[in-house]
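**Student:** here are the coordinates; sequence isn't available:
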């Protein structure tokens, strides 16, 4: 069973290892976040275990099986099942009923998305979001990657802005300025998962930042107006 870290890091659960789910799992794992991945396919789970050890085969996505896997301990759960509408809807319903703070579900149509929203999930449309992701990467050379999960929950991977180098996490205070959380810092291949307020940013740092689309846009404006 998967338990939340005593250090209270954000934890993420992914259900479904299609192209969208696999790409999301790889990106989150690369930032060093706590991650739980579930899928029915043993081969897909075996492959993702090369990236994160917290990957499990779950043949039935009913409430009992999901609870046994420990996904209710996650702060965010993402349902990456789009093609099988009934499975997508039932899995979303089960995750919402488990009182997970944020449940995000992939939709393949507007109608599908409306049903998921009524169940209490935030909805993503991968093709549309891919266009938004590309646009953000084109807007600024600082952004290495961008994943939009919803209007208020997105992940951006970016090279540290020059104006932040030499300052501490507390001095920059992205949370107070923009409502953004640093979920990882990569430097020379090493990823720091627990961010100390006294950490001094270095020129080679790559930041993994989570927060709202508005917050990330305001950060970009702040960087550009250096």
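**Tutor:** Great, that's in hand. These numbers were taken from a predicted model, which means no experiment stands behind them. Numbers count the residues shown, from 1 in each chain.

**Student:** tell me how far the closest residue to residue 219 other than its chain neighbours lies from residue 208.
**Tutor:** The shortest distance from residue 219 to any non-neighbouring residue, by C-beta to C-beta, 6 or more residues apart in numbering, is to residue 178 (5.0 Å). In this view, the C-beta of every residue, glycine as well, is placed from N, C-alpha and C. Distance from residue 178 to residue 208, counting by C-beta to C-beta, to the nearest Å: 15 Å.

**Student:** who's more crowded, the two?
**Tutor:** Counted by other C-beta atoms under 10 Å, residue 178 and residue 208 do not tie: residue 208 has more neighbours, with 25 against 20.

**Student:** let me know the secondary structure of that one.
**Tutor:** strand (DSSP: H, G, I helix; E, B strand; the rest coil).

**Student:** show me the contacts for it.
**Tutor:** Counting by C-beta atoms under 8 Å, 6 or more residues apart in numbering, residue 208 touches 31, 32, 33, 155, 156, 157, 182, 183, 184, 185, 186.

**Student:** who's it bridged to?
**Tutor:** residue 157, residue 184 (DSSP bridges).

**Student:** which pLDDT value belongs to it?
**Tutor:** At residue 208, the model reports a pLDDT of 89.

**Student:** what do you get for the one 5 residues further on?
**Tutor:** As predicted, residue 213 sits at a pLDDT of 78.

**Student:** who's in contact with stretch 55-67?
**Tutor:** Taking C-beta under 8 Å, 6+ apart as the rule, stretch 55-67 contacts 15, 36-42, 45, 48-49, 69, 72, 87, 90-91, 94-95, 97-98.

**Student:** right, I'll call it a day here.
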